[in-house]
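*Asks:* build me a model:
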Amino acid sequence: MADNIDYGSKLAALNSATLGTEMPQITLPDGSKVQTGTVGALLINIRVYNEAHKIGDKQKMEVLSEAMRATLPLLHKVGMFDLFQPEEWIQGNNEGRKAVGKMYLKFKSEQ
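*Replies:* Below is the predicted model:
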């Protein structure tokens with residue numbers, strides 16, 4: 001349970017930093033709590049990742065990768081990758097989307 005609390009706190013801090021405001025948690029029908037703002041923060045981080053990729057800022061890309069990776073357990077739980085398959089994320093020329101899709105495939109293989 002401590003891992004869930006630490007994970008939730010980390011995700012809350014990442015989302016709040018990205019969005020510039022503290023986001024609340026909500027309770028799902030199964031009783032579990034999830035952090036709101038995760039999808040919004042992910043979209044912002046993908047956009048910033050794309051900008052960093054264009055200028056070759058590998059350090060910024062790594063920081064953003066960590067933030068994007070932190071969203072995967074929650075996005076998996078709520079079914080984001082059932083709605084939008086990871087292969088769809090990987091297609092095209094959006095480097096941030098590709099990175100998330102590849103991260104999710106790795107995450108899923110480790111489950």
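
*Asks:* buried sites along the helix or strand hosting Leu43?
*Replies:* Here Leu43, judged by DSSP states H and E, is contained in helix 38-55. Of the residues in helix 38-55, those buried under the neighbour-count criterion (16 or more other C-beta atoms under 10 Å) are 38, 41-42, 44-46, 48-50, 52-53. For the C-beta atoms, the positions are set from N, CA and C on the backbone; glycine is no exception.

*Asks:* what is that helix packed up against?
*Replies:* helix 2-19, helix 58-70, helix 72-77, helix 95-109 (3 or more C-beta pairs under 8 Å, 6 or more residues apart in numbering; DSSP states H and E).

*Asks:* now tabulate the buried residues of helix 38-55 in JSON lines and tack on distance to Pro24 and pLDDT.
*Replies:* Output for the buried residues of helix 38-55, formatted as JSON lines (distance: C-beta to C-beta, whole Å; pLDDT from 0 to 100):
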{"residue": "Thr38", "distance to Pro24": "12", "pLDDT": "90"}
{"residue": "Ala41", "distance to Pro24": "14", "pLDDT": "91"}
{"residue": "Leu42", "distance to Pro24": "17", "pLDDT": "94"}
{"residue": "Ile44", "distance to Pro24": "18", "pLDDT": "95"}
{"residue": "Asn45", "distance to Pro24": "20", "pLDDT": "96"}
{"residue": "Ile46", "distance to Pro24": "23", "pLDDT": "97"}
{"residue": "Val48", "distance to Pro24": "24", "pLDDT": "97"}
{"residue": "Tyr49", "distance to Pro24": "26", "pLDDT": "98"}
{"residue": "Asn50", "distance to Pro24": "28", "pLDDT": "98"}
{"residue": "Ala52", "distance to Pro24": "29", "pLDDT": "98"}
{"residue": "His53", "distance to Pro24": "32", "pLDDT": "98"}
